[in-house]
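In: sequence first, predicted model second:
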Amino acid sequence: MKLKNIIRSYFLKESKNEFKHISDLEKQILMRVREEKELEVELDKNFTPAPRPFWTFRLPLAFATIVLLVFFVGVLSNNSPAFAKGSIIDALIGLKNQLQQELTQLLSNDPSYRDKDTQKYKQTQQEWCSVSARSPEEQEKAVAAIRDFMDRPDANVEYECVVRNPNKPDEEPLIETYTLDFDRFIIDIKTNQVIEMAAIEGTWGENKDGSRWSSPEKEYDYTPRYTQLEAARQAREFITDHQIALGEIDLEKLTLTREANKDELGNLNYFFIWRGDPREENGEIFTPQLTLTMTQGGQIVHFSNHLKR
């Protein structure tokens, strides 16, 4: 198993309430890193080298291995089980934070990672998502919200990533994304509620023979089942009946606008937009808005909640 998976699996098993004295122990980690050369020799004596993972960029994976070894050696030499447990956990937290900082710096500042279509960038981004993930207990709340949204209690929801502000990479992320089948869900980290749902963007291209290819796409139910008025009633019931996913939303305080549109194939979609009263926030005018798009067959195409900024 890759070292990052060992670190992450052990770290995520523990409650956040047990993670104390992070700052002091992180300083110890960084102090030990200065002795890297000497510790690498010690590492070779005690561990069988594992196959090198795909990290071909200059992220110090050896640093992670060495720091982990240092703390395990130091902890095992201590006679207190409680000290051992706390020290290992704290060491792993410090290591996780260090790895996250390294990856953030690479993705934000290293020119060789500017091309987002390269495997180098994609793999680094995947690693950043992994070390930046919240605890399983918190992620379970987000998964429960998505399952409630879809009315699928056993849905196989997959964590994708936390979303950082590209202009302020050091800020704590406010949202994270999950996927289910062909849909992507954006979760508010503070509330663990769905604030947006939309189909995952497809990919396409051209073959050598000039023919076109495209990735599989989501299929929609366009059975002429509901009129616009009936669909509006369905949309309202969906919002009020899914408080686990969406929170408690008082639609009576919002003004509804209804629209309908047919695509080039004649498929009919209904658009429902609830708006609140405009208000000033941070010197700008903000209008709260809740949007739900539904097919005439009653299937939700898109949802977004921008009632709060």
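Out: Ah, there it is. Numbering: from 1, shown residues only.
In: may I see the buried residues of stretch 174-184?
Out: 175-178, 180, 183 (16 or more other Cβ atoms under 10 Å). For the C-beta atoms, the positions are set from N, CA and C on the backbone; glycine is no exception.
In: any residues touching that stretch, and which ones?
Out: Where contact means Cβ atoms under 8 Å, 6 or more residues apart in numbering, the residues beyond stretch 174-184 that reach it are 134, 142-143, 146, 150, 155-163, 185-190, 195, 197-200, 216-218.
In: can you flag which of those belong to strands?
Out: Taking DSSP state E as the definition of strands, the contacts of stretch 174-184 contribute 158-163, 185-188, 195, 197-199.
In: rewinding a little: can you redo the buried residues of stretch 174-184 as JSON lines with distance to His242 and secondary structure?
Out: Written out in JSON lines, the entries for the buried residues of stretch 174-184 read as follows (distance: Cβ to Cβ, whole Å; DSSP: H, G, I helix; E, B strand; the rest coil):
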{"residue": "Ile175", "distance to His242": "19", "secondary structure": "strand"}
{"residue": "Glu176", "distance to His242": "19", "secondary structure": "strand"}
{"residue": "Thr177", "distance to His242": "19", "secondary structure": "strand"}
{"residue": "Tyr178", "distance to His242": "16", "secondary structure": "strand"}
{"residue": "Leu180", "distance to His242": "15", "secondary structure": "strand"}
{"residue": "Asp183", "distance to His242": "15", "secondary structure": "strand"}
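In: closest to Ala231 out of these?
Out: Comparing these against Ala231 with Cβ to Cβ picks out Asp183 as the nearest, at 19.4 Å.
In: what's near enough to touch Pro224?
Out: Taking Cβ under 8 Å, 6+ apart as the contact definition, Pro224 lies against 268, 296-297.
In: correct me, but Ile300 touches Met294?
Out: Yes - between Ile300 and Met294 a contact is recorded at 5.6 Å, counting by Cβ atoms under 8 Å.
In: quick one: which of these two has more around it?
Out: In this view Ile300 and Met294 are compared by other Cβ atoms under 10 Å, and Met294 has more residues nearby, 24 against 18.
In: and that one, what element?
Out: Secondary structure here is read from DSSP states H and E; on that basis Met294 sits in strand 289-295.
In: quick one: strands adjacent to that strand?
Out: Paired with strand 289-295 in the same sheet, following DSSP bridges, are strand 268-275 (antiparallel), strand 300-306 (antiparallel).
In: now do the SS call for Glu252.
Out: Using DSSP: H, G, I helix; E, B strand; the rest coil, the structure places Glu252 in helix.
In: quick one: it from Arg275, how far?
Out: 13 Å (Cβ to Cβ, to the nearest Å).
In: neighbour-wise, which of these two wins?
Out: Residue environment comparison for Glu252 versus Arg275 gives the larger neighbour count to Arg275, 16 against 5, counting by other Cβ under 10 Å.
In: so where is the protein shaky, pLDDT-wise?
Out: Across the chain, residues meeting the criterion (pLDDT under 70) sit at 1-117, 119-122, 124-125, 128, 166, 169.
In: the helices in it, which residues?
Out: Along the chain, counting by DSSP state H, helices occupy 3-13, 22-33, 36-46, 61-76, 81-109, 119-131, 136-150, 228-241, 243-246.
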